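Peer 1: A predicted structure for the sequence below; I have some questions about it.
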Amino acid sequence: MLADTTNDIPQNGPAAAPSGRADVPAEAVAPLLRGIAVLRHLTDADDGTLSLSGLEKATGLARSTVDRVTATLARTGYVRLDGRDVTLAPRLMELGNAYLAALRLPALLSARADALADELDESVSLAVGDRDGIRFIHQATRRRAMSLSFRIGDLLPAERTAPGPLFAAKWTQADWQHWRARRAADPRDRGFPAVPPTEHPTPQEDFEHRTAKAATDGWSLDDQLIEPGLVAVSVPVRDPLTGAPACVVSVVSHTSRRTADDLRTTLLPYLREAVRSMEDDLRAAPPPRPGPPPAGLAAWTGASKQELGRDFVESLARGLTVLTAFGEDRPELTLSEVAKATGLARATARRALITHEHAGLVRQTPDHAFALTPRVLSLGFPPLSRTSLPQIAQPHLTALAARVHESTALAVLSDSGEEIQYTARASVSRVLSARIAVGTRLPARTTSLGRVLLSLPETRSAGYALIDEELEAGLRSLAVPVHDREGRVVAAVNVAMHAARRTAAACVTDVLPPLRETAAHIEADLRVAGRFRTVPLA
């Protein structure tokens, strides 16, 4: 059975703020709420980065609290600290991945969405309802000069989208009341960073009319509601058990290519055919294969607390770990199952679940189990869903360069297979060092990076390639492969130096171990970032 996507969770805004409101449950974990607030503010920031003082101002927390929260998030691998700046890290995507895996829809339907985008040469998206908004769970975007900037996890107001009326057709009176209250409190949609503020809010009756029409027609249009020039047509994919929309598929274009009426008359038949195939896929989908249940997911937090002392907020780390207990074969968990998966006491797991429910990240099911909500994607997923391999690798390259005191680089193989292209690099302050600019192309067979990427027999058996003054006199270089989730070699990382500083043997004994560790760190981030999307290699 597919995970439920009904709209029964709180909207953005005060729920994300630090505790202190009268409606915060007495058993809620205040440090966990503060950590969630920090992650949400980072998500809404440019490039997922804010200074420590910026976070202090945005959250209203004391600076000492911000320092402890960000230090804890850095220990979990969810953020990266660079001086006074805090940046979201790819590992944070494991929280959103847990929701997407439990939902199952991206795994079952994304290939159909991608094929439709190729067939129509237009962008295609999958979205689920998030109470009075819609949230994207998959994007198949066509790359053009005028292209969409929406990301997986972005939240949009229902009334300014094509999918919105299709979800609103199933709203309760309480849902409509919440929508009206939100519109009154935020008439320009400033609480939705993914869309520009509206200059002229449409009357409430317009959305109610569009909802009634969508319920009758079985499809819906967006004629430049988000911004001028953007048009879309949407059709729901219905859950085979309930008949309610499991998600909505949209074909999106702009008015220089197609009008809204053109989408309806020309592309809607193709969209409907694709949706029928998707619904067939849902009916035929076998239940997920049960894997070994996780255990002790939070066990590591105790050691971190002993090592870091009061700078490590264990209740925050434990609370976030609770979200990772869910997955494809674990879309709903009881309190006992959450406690067993995390290794936490029932009372501790219960308080974490109460906190997440208050923050809108978890809901209770009719049979008193717990399930993740689409709101989990608000924790860093949108900005991180556009991360490329060079962006993933850069902090690891910088750390490696500082560790070995030599220049490091990442490269991929060109389309021809004859050259490598440098896509990221890090250098150290030396009078004499390898300085090859990002974008540079070199013959693959004469470089250590190229020999790794070409998987030559001697390189494949050794697991690395060493070039000793073959490309240039005095240049010695050592490289290892970077693998993707399927184990394919997609890139290579190297350390380059002058031959006078280390012998070839010393390169293998001194440099190869940290180089391999760096490749492993890059691969770990790439596995998380690439679970539900294709990570650009350059």
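Peer 2: That came in fine, so what should we check first? Numbers count the residues shown, from 1 in each chain.
Peer 1: can you give me the helices in the stretch 101-250 of the chain?
Peer 2: For the stretch 101-250 of the chain, the helices defined by DSSP state H, counting those that start in this stretch cover 105-120, 163-168, 173-185, 204-217.
Peer 1: helices and strands around the third one, which ones?
Peer 2: Right, the one you point to is helix 173-185. If contacts are counted by 3 or more CB pairs under 8 Å, 6 or more residues apart in numbering; DSSP states H and E, helix 173-185 sits against helix 163-168. For glycine as for every other residue, the C-beta is placed from the backbone atoms N, C-alpha and C.
Peer 1: circling back: could you say which of the helices of the stretch 101-250 of the chain is packed most deeply?
Peer 2: helix 163-168 (a mean of 28; mean count of other CB atoms under 10 Å).
Peer 1: by contact count, what packs against it?
Peer 2: strand 123-130, strand 133-140, helix 173-185, helix 204-217, strand 220-223, strand 230-238, strand 245-254.
Peer 1: if we go to 6 Å?
Peer 2: In terms of contacts (3 or more CB pairs under 6 Å, 6 or more residues apart in numbering; DSSP states H and E), helix 163-168 is packed against helix 204-217, strand 245-254.
Peer 1: right, so of those, which gets closest to Ala194?
Peer 2: strand 245-254 (13.6 Å; CB to CB).
Peer 1: OK, contacts around the spatially most central residue of the chain?
Peer 2: In the chain, the residue lying closest to the centroid (CA atoms, centre = their mean) is Phe381, at 3.1 Å. Contact analysis of Phe381 by CB atoms under 6 Å, 6 or more residues apart in numbering lists 96, 153.
Peer 1: so what's the residue count around the closest residue to Leu454 other than its chain neighbours?
Peer 2: The shortest distance from Leu454 to any residue other than its chain neighbours is 5.7 Å, reached at Ala444 (CB to CB, 6 or more residues apart in numbering). Using other CB atoms under 10 Å, Ala444 has 22 other residues around it.
Peer 1: repeat for the one 10 residues further on
Peer 2: The local packing of Leu454 (other CB under 10 Å) involves 19 other residues.
Peer 1: quick one: it from Gln394, how far?
Peer 2: Computed as CB to CB, to the nearest Å, the Leu454 to Gln394 distance reads 24 Å.
Peer 1: likewise for Ala347?
Peer 2: On the measure of CB to CB, Ala347 and Gln394 end up 42 Å apart.
Peer 1: give the contact list for Glu279.
Peer 2: By CB under 6 Å, 6+ apart, the residues touching Glu279 are Val237.
Peer 1: rewinding a little: quick check, pLDDT for the residue nearest to Leu454.
Peer 2: With respect to pLDDT, Ala444 scores 93.
Peer 1: same check, this time on Leu2
Peer 2: Listed pLDDT for Leu2 reads 43.
Peer 1: format the helices of the stretch 101-250 of the chain as a markdown table; extra columns: mean pLDDT and distance to Gly302.
Peer 2: Shown next, in a markdown table, are the helices of the stretch 101-250 of the chain (pLDDT from 0 to 100; distance: least, CB to CB, whole Å):
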| stretch | mean pLDDT | distance to Gly302 |
| --- | --- | --- |
| helix 105-120 | 97 | 34 |
| helix 163-168 | 98 | 43 |
| helix 173-185 | 96 | 40 |
| helix 204-217 | 96 | 50 |
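Peer 1: among these, which is nearest Pro536?
Peer 2: Of all the helices of the stretch 101-250 of the chain, helix 105-120 sits nearest to Pro536, with 15.1 Å by CB to CB.
Peer 1: residues making contact with that closest one?
Peer 2: With CB under 6 Å, 6+ apart as the contact definition, helix 105-120 has outside contacts at 100, 124, 126, 137-138, 140, 247, 267, 274, 277-278, 281, 285, 532.
Peer 1: please redo it, this time with the cut-off set to 8 Å
Peer 2: 2, 100-101, 123-126, 128, 137-138, 140-142, 237, 246-247, 249, 251, 267, 270-271, 274, 277-278, 281-282, 285, 328, 532 (CB atoms under 8 Å, 6 or more residues apart in numbering).
Peer 1: that helix vs strand 245-254, what angle?
Peer 2: Angle of helix 105-120 versus strand 245-254, following axes from the mean of the first three to the mean of the last three CA atoms, to 10 degrees, is 30 degrees.
Peer 1: what distance separates helix 105-120 from the centre of its chain?
Peer 2: Computed by CA atoms, centre = their mean, to the nearest Å, the chain-centroid distance of helix 105-120 equals 18 Å.
Peer 1: what does stretch 523-538 give?
Peer 2: Put simply, stretch 523-538 sits 10 Å off its chain's centre (CA atoms, centre = their mean).
Peer 1: what's the end-to-end length of that stretch?
Peer 2: 15 Å (CA to CA, to the nearest Å).
Peer 1: which of the residues in it are buried?
Peer 2: For stretch 523-538, burial by neighbour count (16 or more other CB atoms under 10 Å) applies to 523, 525-533, 535, 537-538.
Peer 1: mind checking which of those land in helices?
Peer 2: When DSSP state H defines the helices, the subset of those inside them is 523, 525-529.
Peer 1: distance to Ser448 added to those residues, as CSV?
Peer 2: Below are those laid out as CSV (distance: CB to CB, whole Å):
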residue, distance to Ser448
Glu523, 18
Asp525, 22
Leu526, 20
Arg527, 24
Val528, 27
Ala529, 26
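Peer 1: wait, which of those is closest to Leu39?
Peer 2: Ranked by distance to Leu39 (CB to CB), these are led by Val528 at 15.5 Å.
Peer 1: right, and Ser414 touches Leu442 too?
Peer 2: No: in this structure, Ser414 is not within contact of Leu442 by CB atoms under 8 Å, at 9.9 Å.
Peer 1: what's the overlap in contacts for these two?
Peer 2: Residues touching both Ser414 and Leu442 by CB under 8 Å, 6+ apart: Ile420.
Peer 1: that older thread, tell me which of Ala347 and Gln394 has more neighbours.
Peer 2: In terms of neighbours (other CB under 10 Å), Gln394 is the more surrounded of Ala347 and Gln394; the figures are 17 against 11.
Peer 1: which residues does that one contact?
Peer 2: Gln394 makes contact with 424, 426 under the criterion CB under 8 Å, 6+ apart.
Peer 1: and Ala401, which of the three is it?
Peer 2: At Ala401 the chain is in helix, as set by DSSP: H, G, I helix; E, B strand; the rest coil.
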